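**Student:** sharing a model that was predicted from the sequence below.
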Amino acid sequence: MRDTIELDGFDYKILAALQSDAAMTNQQIGEQVCLSASQVSRRRQRLEASGVVRRYRAELDSAKLGLGVTAFVSVTLSHHSPENAEVFRQLVSRTPAVQAAYTMTGDMDYLLQVCASDLKGLGKLINEQLLPNTGVQSVRSAIALEVLKDDMELPLAGVYPRARGGK
């Protein structure tokens, strides 16, 4: 089974435009990538239907909304079983403060990116939601002091060199 779909240069240009500004109209994208709005619309629908474009959302400024603490939390499970992993997966999925969660190799089982209003809020998340889980052995946190880069755009030019600009 193949996870990727076949894309051409126009598809990559459309994806690059959408990553830059998902609010762009098909007409605006078409002007940028040298296609008609109807061609962009058809290609965009195909990219959405295939799952390449998973969703659209607004990027919010966490600090301006009073969520000034970003932390990375490593979690080690007390025992490894499919059931314990599923319990932890459900805990993570129903915890809004967890922005991203990854299964890891190495010394930790999971790495969570969390957002909290302050250190007290982070402490509450760790002490009242993560640690009480019987399947969790240990939790370690590292607090981000400064954001050097926060760009979720995929490096499309590395996959298709002419994805940005040009024909």
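**Tutor:** Yep, that arrived.

**Student:** tell me the domain ranges of this protein?
**Tutor:** Domain segmentation of the chain under automatic domain parsing yields 9-58, 63-143.

**Student:** for the first one, the averaged confidence score.
**Tutor:** Put plainly, it is domain 9-58. In this model, domain 9-58 has an average pLDDT of 96.

**Student:** quick one: end-to-end length of that domain, please.
**Tutor:** 26 Å (C-alpha to C-alpha, to the nearest Å).

**Student:** just give me how far that domain sits from the chain centre.
**Tutor:** Its chain's C-alpha centre and that of domain 9-58 lie 19 Å apart, by C-alpha atoms, centre = their mean, to the nearest Å.

**Student:** ok, for the residue of the chain most remote from its centre, nearest residue in space, not its chain neighbours?
**Tutor:** Among the C-alpha atoms of the chain, the one most distant from their mean position (C-alpha atoms, centre = their mean) is that of residue 36, at 30.5 Å. Nearest residue to residue 36 in three dimensions, chain neighbours excluded: residue 30, at 5.5 Å (C-beta to C-beta, 6 or more residues apart in numbering). No exception for glycine: its C-beta is placed from N, CA and C like everyone else's.
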